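Novice: what follows is a predicted structure for the sequence shown.
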Amino acid sequence: METTERTLFLIKPDAMQRGLAGEIIARLERRGLKIVGMKLLRVTRELAERHYAEHVGKPFFPGLVEFITSAPVIAIAWEGQDAIKVVRATIGATNPVEAASGTVRADFGLDKGRNLVHASDGPESATRELALFFAPDELLSWDRDVDRWVAE
Ligand code: IDP
């Protein structure tokens, strides 16, 4: 059964440096997803370590923290039917080399450590990550007239 979900999405420093933010946001908007939270921020070392807690100790972890703190990111809370899966499918596999053609990571990237975007991978991580990046009053519930043309 379909459910309306929210998911945490990040436009990472490489996409910001390369001027790809608008293009990436447009792809997700065109799928029918709705922005319910959005901010530009510089990720601190502390936030990076909490967000990527499951990767602490891995060989790529120090480089990942350096990278994610190296320039501002745009954090977006997307809402929509099956939003968690839909956003993951739209961005593609972690390694752009393996990502399906037509996904954000395949169309704009070629390296695992410069894969442009982050998206929550399940309901529990979505709840946890949304709370890391947004205060409750920064997430807005709103109706769009087009919603009935996006999903039954
Ligand atoms: P995900 O971003 O697709 O959920 P995860 O496995 O959770 O992928 O890894 C988090 C992030 O850590 C990746 O998006 C990528 O930026 C980075 N990363 C993962 N594995 C590697 C690696 O082997 N080398 C460099 N960076 C990596």
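Specialist: Looks like it arrived, so ask away. Numbers count the residues shown, from 1 in each chain.

Novice: contacts only, for residue 115.
Specialist: 12, 14, 94, 95, 96, 105, 109 (CB atoms under 8 Å, 6 or more residues apart in numbering). C-beta: built from backbone N, CA, C; applies to glycine.

Novice: torsion angles phi and psi at it?
Specialist: Per-residue torsions, residue 115: phi -100, psi 20 (degrees, to the nearest 10).

Novice: how about the residues of this protein near the ligand?
Specialist: Within the chain, the positions lying close to the ligand (CB under 6 Å from any ligand atom) are 60, 64, 94, 112, 113, 115, 118, 121.

Novice: could you identify which of those residues has the most neighbours?
Specialist: Using other CB atoms under 10 Å as the neighbour criterion, residue 115 leads the residues of the chain next to the ligand with 24 neighbours.

Novice: and the gap between it and residue 134?
Specialist: The spacing between residue 115 and residue 134, counted by CB to CB, to the nearest Å, is 23 Å.

Novice: quick one: low-confidence parts of the protein?
Specialist: Scanning the chain for pLDDT under 70 picks out nothing.

Novice: all strands of it, in order?
Specialist: Applying DSSP state E to the chain gives strands spanning 4-11, 34-41, 73-81, 117-119.

Novice: same list (the ones you listed) but as a markdown table, adding distance to residue 47.
Specialist: As requested, the strands of the chain are exported to a markdown table (distance: least, CB to CB, whole Å):
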| stretch | distance to residue 47 |
| --- | --- |
| strand 4-11 | 11 |
| strand 34-41 | 8 |
| strand 73-81 | 10 |
| strand 117-119 | 12 |
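
Novice: fine, thanks again, bye for now.
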